[in-house]
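Colleague: this is a predicted model, with the sequence first.
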Amino acid sequence: MPEAEAEADPSGAGTGRVLLAFIVGQLGLHAAMAGLRMGAPLQALREGYGAWAMGWLMALFAAAPVLLALPAGRLADRWGFHRPVRIAVAVSICGMAMAVVACWLSGWLHFALLCGAATCTGCGANMSMLTIQRTAGLTARNATERMQIFSWLGIAPALANAVGPMATGLMIDASGFAGAYVLLMALPLVTLLATRAVPRVAPRKLETITVRPAWELMAAPGMKPLMAVNWLFSMCWDVHTFALPIIGHERGFSASTIGFVLGTFTLSVSGVRLLLPLLAHRVDGLRLLRLAMLGTAVVFVLYPLARTPVLMGLCAALLGLTLGTVQPVIMTTLHHLTPNDRHGEALAFRSMAINASSSLMPLLFGAMGTVLGAAVLFWGVGGAVGVGSWLVKRLEGVRT
């Protein structure tokens, strides 16, 4: 029977060098995906495709990982760190190659290759995220260190969402879409280089690995309420991204003003995740989670009432504080509830919920927003999060 690849060595994970490798590794693939997520729809629009094409491309970045998250999580559980990350890099590079080739084609084949590129890069970024999160969680020695690690890791997507689109935009203006995609193709190689800093341990034998039904994980104490809380917060991110431009347009704000509000939110999220590692030893995770839910509910009630850019920016900053604290707490609790050999599967369930929400909720929000207005979306989701704060009580018996 063959042996699984050696996993990352837990004993060295607390060092800054390995943590930096995790952050850079996630940044490389996520930035490539974020850059293509901006460039491919823009190219489709310039080629004469309508808004439906842009929506289809955007959906593929999140829809494909919903279907492949569970196999990717099991792959990480079986093979450890290095092999899944290498596969993720290869898949992402193949996706970028499709995008480059598409630049010299036209018609349906051009659009089909862009769809393939969106699917591949979305899957590659998601697979690497699951693998890195799983390994990073296992390397922590206690709950406090785990929260610190996940706080640092949470900075990578925010940086990637800034670096990827900015680099893509500059390259499109300088050398066209093909040049931009070639640049994005190099970013996964940064991830590959970063993985060299992650050490290995003795391999696990495959005969010791038992494949069990995925639904068994949901029977673990506290898992169902934790996933429900995770979904509520995911819905908050989605409705904010969707409804804020609508409200800004209703207020007569310029595109740059709306961008400023969104940028304020991103900076606030990044700031609180930089602060959390310094305070993790003093923070009660579940209490922080409940306060974040109640705080988010209050901000969502106030958001539609803000009539000026300054007030909306203040709401965005407050919302960034509440939502930015959530991921490290949820990830820490998730790792505590899950057996070590099934962390990849558990993370896959969380990823599936987030990506499914990102794919389906905008359609629901669009229908509801047309009938009821964007303000009702904020108030409805805010009310759901506020009421859902009682779910945290069901986690207290399994607290870390």
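Modeller: Received, thanks.

Colleague: helices of the stretch 301-400 of the chain, start to end?
Modeller: Counting by DSSP state H, counting those that start in this stretch, the stretch 301-400 of the chain has helices at residues 309-324, 326-337, 343-372, 374-388.

Colleague: what does the first one contact?
Modeller: The set of residues that contact helix 309-324 without belonging to it, under C-beta atoms under 8 Å, 6 or more residues apart in numbering, is 154, 233, 236-237, 240, 244, 247-248, 251, 253, 257, 260-262, 264-273, 291-293, 295-296, 299-300, 302-303, 306. To be clear about C-beta, it is placed using only N, CA and C from the backbone, and glycine gets the same treatment.

Colleague: that one - what's its average pLDDT?
Modeller: Helix 309-324 shows a mean pLDDT of 88.

Colleague: so for that helix, what gets flagged as buried?
Modeller: Neighbour-count burial for helix 309-324 flags 309, 312-324 (criterion: 16 or more other C-beta atoms under 10 Å).

Colleague: and what of the last one?
Modeller: Of the residues in helix 374-388, those with enough neighbours to count as buried (16+ other C-beta under 10 Å) are A374, A375, L377, F378, W379, G380, V381, G382, A384, V385, G386, G388.

Colleague: from M312, how far out is the closest residue to the fifth one other than its chain neighbours?
Modeller: Spatially, and ignoring its direct neighbours in sequence, W379 is nearest to V301 (6.2 Å; C-beta to C-beta, 6 or more residues apart in numbering). Spatial separation of V301 from M312 under the definition C-beta to C-beta, to the nearest Å is 14 Å.

Colleague: shared neighbours of the two, anything?
Modeller: By C-beta under 8 Å, 6+ apart, no residue touches both V301 and M312.

Colleague: circling back: which of the helices of the stretch 301-400 of the chain sits closest to M227?
Modeller: Proximity to M227, assessed across these by C-beta to C-beta, is greatest for helix 343-372 (6.3 Å).

Colleague: looking at the closest one now, give me its mean pLDDT.
Modeller: Mean per-residue pLDDT for helix 343-372: 68.

Colleague: list the contacts of V301.
Modeller: Here V301 is in contact with F378, W379, G382 (C-beta under 8 Å, 6+ apart).

Colleague: pull the contacting residues for the second one.
Modeller: Translated: W379. W379 neighbours (C-beta under 8 Å, 6+ apart): F300, V301, P304.

Colleague: what's the spacing between it and F265?
Modeller: W379 sits at a distance of 19 Å from F265 (criterion: C-beta to C-beta).

Colleague: ditto for R17
Modeller: Separation of R17 from F265 (C-beta to C-beta): 31 Å.

Colleague: and the two? Which one has more around it.
Modeller: Per other C-beta atoms under 10 Å, whichever of R17 and F265 has more neighbours is F265, with 25 against 11.

Colleague: and that one, how far from K224?
Modeller: From F265 to K224 the distance is 29 Å (C-beta to C-beta).

Colleague: can you check G154 too?
Modeller: G154 is 24 Å from K224, by C-beta to C-beta.

Colleague: of the two, who's got more company?
Modeller: Remark: of G154 and K224, G154 carries more neighbours, 24 against 13, as counted by other C-beta under 10 Å.

Colleague: can you list phi and psi of that one for me?
Modeller: G154 adopts backbone torsions of phi -70, psi -20, taken as degrees, to the nearest 10.

Colleague: spatially central residue for this protein, please.
Modeller: Centroid-nearest residue in the chain, with C-alpha atoms, centre = their mean: P157, separated by 6.5 Å.

Colleague: so what's the residue count around the residue lying closest to that residue once chain neighbours are set aside?
Modeller: Using C-beta to C-beta, 6+ apart and skipping the chain neighbours, the partner closest in space to P157 is H30 (5.5 Å). Residues near H30, counting by other C-beta under 10 Å, number 27.

Colleague: next: A174.
Modeller: Neighbourhood size, A174 [other C-beta under 10 Å]: 10.

Colleague: again with T333
Modeller: Applying other C-beta under 10 Å, I find that T333 has 27 neighbouring residues.

Colleague: so it is in contact with G285, correct?
Modeller: Yes. Counting by C-beta atoms under 8 Å, T333 does reach G285; the two are 6.6 Å apart.

Colleague: give me every residue that touches W390.
Modeller: Counting by C-beta under 8 Å, 6+ apart, there are no residues that W390 touches.

Colleague: from A353, how far out is it?
Modeller: To A353, W390 is 19 Å away according to C-beta to C-beta.

Colleague: what of G324?
Modeller: Taking C-beta to C-beta, one finds G324 at 19 Å from A353.

Colleague: quick one: least confident helix or strand in this structure?
Modeller: Within the chain, no helix or strand scores below helix 343-372, which has a mean of 68 by mean pLDDT, DSSP states H and E.

Colleague: mind checking how far the helix or strand containing L29 is from the chain centre?
Modeller: Take DSSP states H and E as the rule and L29 turns out to sit in helix 16-46. Centre-to-centre, helix 16-46 and its host chain are 11 Å apart (C-alpha atoms, centre = their mean, to the nearest Å).

Colleague: which positions within that helix qualify as buried?
Modeller: 18-19, 21-44.

Colleague: and the angle from whichever helix or strand comes after it to helix 16-46?
Modeller: Counting by DSSP H and E, the element after helix 16-46 in chain order, helix or strand, is helix 51-79. Going by axes from the mean of the first three to the mean of the last three C-alpha atoms, to 10 degrees, helix 51-79 is angled at 150 degrees with respect to helix 16-46.
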